[in-house]
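**Student:** Sequence and computational prediction follow.
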Amino acid sequence: MTAPGKDSEQALTEAIGRYNEAWNAHDLDAIVAMHAPDMVFANHTAGESASGEEVRAHIGAIFENSPDLRFITRRLYVRQGLVVQEWTAEATRSGSAVSWEGIDAIPFEDGLIKRKDVYSNSGSAQRLQSGS
């Protein structure tokens, strides 16, 4: 049973702020603490998906591959039980600074993240890396 207060617009606005700060700090403990036990992380652009306990290692690998990765929120849409955010990511790849844009759809349940569906134009960042 969903607790309405935990999934209210105000509560989710505060929660997504903490979540985004944890991502930019590469704080796996804080990130995973905000996930429901059966959480699904799906990067549809990369064709990658992890669920449950696999999510921690998956996100850890992202940070390992991009140690200076950070996200800047461009637009944030919050409603009861759902956050959708548009962002710009910045990182260094092969010695060059790259950036790309994306969008996350993040449903919450009882104040915890049930899914994170990621869609981005990160292919352009890969092309910048290879010089094509």
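**Tutor:** Noted; the coordinates are in hand. Numbers count the residues shown, from 1 in each chain.
**Student:** Now residue 111. Nearest residue, chain neighbours left out?
**Tutor:** Nearest residue to residue 111 in three dimensions, chain neighbours excluded: residue 6, at 3.3 Å (Cβ to Cβ, 6 or more residues apart in numbering). For the C-beta atoms, the positions are set from N, CA and C on the backbone; glycine is no exception.
**Student:** any idea how far the one you found lies from residue 86?
**Tutor:** Note on residue 6: its distance to residue 86, by Cβ to Cβ, to the nearest Å, is 24 Å.
**Student:** Residue 112 too?
**Tutor:** To residue 86, residue 112 is 22 Å away according to Cβ to Cβ.
**Student:** what do you get for residue 67?
**Tutor:** Distance from residue 67 to residue 86, by Cβ to Cβ: 24 Å.
**Student:** which of those two has more neighbours?
**Tutor:** Shown here are residue 67 and residue 86; by other Cβ atoms under 10 Å, residue 86 has more neighbours (14 against 9).
**Student:** Have a look at this protein and report its longest strand.
**Tutor:** strand 96-109 (DSSP state E).
**Student:** quick one: the helix or strand just after that strand to chain centroid distance?
**Tutor:** Next along the chain after strand 96-109, taking DSSP states H and E as the criterion, comes strand 112-120. Counting by Cα atoms, centre = their mean, to the nearest Å, strand 112-120 is centred 6 Å from the centre of its parent chain.
**Student:** Just the C-alphas of strand 112-120, formatted as CSV.
**Tutor:** This file holds the C-alpha atoms of strand 112-120, laid out as CSV (Å, rounded to 0.1, in the frame of the first residue of the first chain):
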residue,chain,number,x,y,z
LEU,A,112,11.5,4.6,-2.9
ILE,A,113,12.6,4.5,-6.5
LYS,A,114,11.0,1.6,-8.3
ARG,A,115,12.6,2.2,-11.7
LYS,A,116,15.0,4.5,-13.5
ASP,A,117,14.4,4.5,-17.2
VAL,A,118,17.2,6.4,-19.0
TYR,A,119,17.1,7.7,-22.6
SER,A,120,19.9,9.8,-23.9
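**Student:** can you list contacts of it?
**Tutor:** With Cβ atoms under 8 Å, 6 or more residues apart in numbering as the test, strand 112-120 has contacts from 19, 34-36, 38-45, 89, 100-108.
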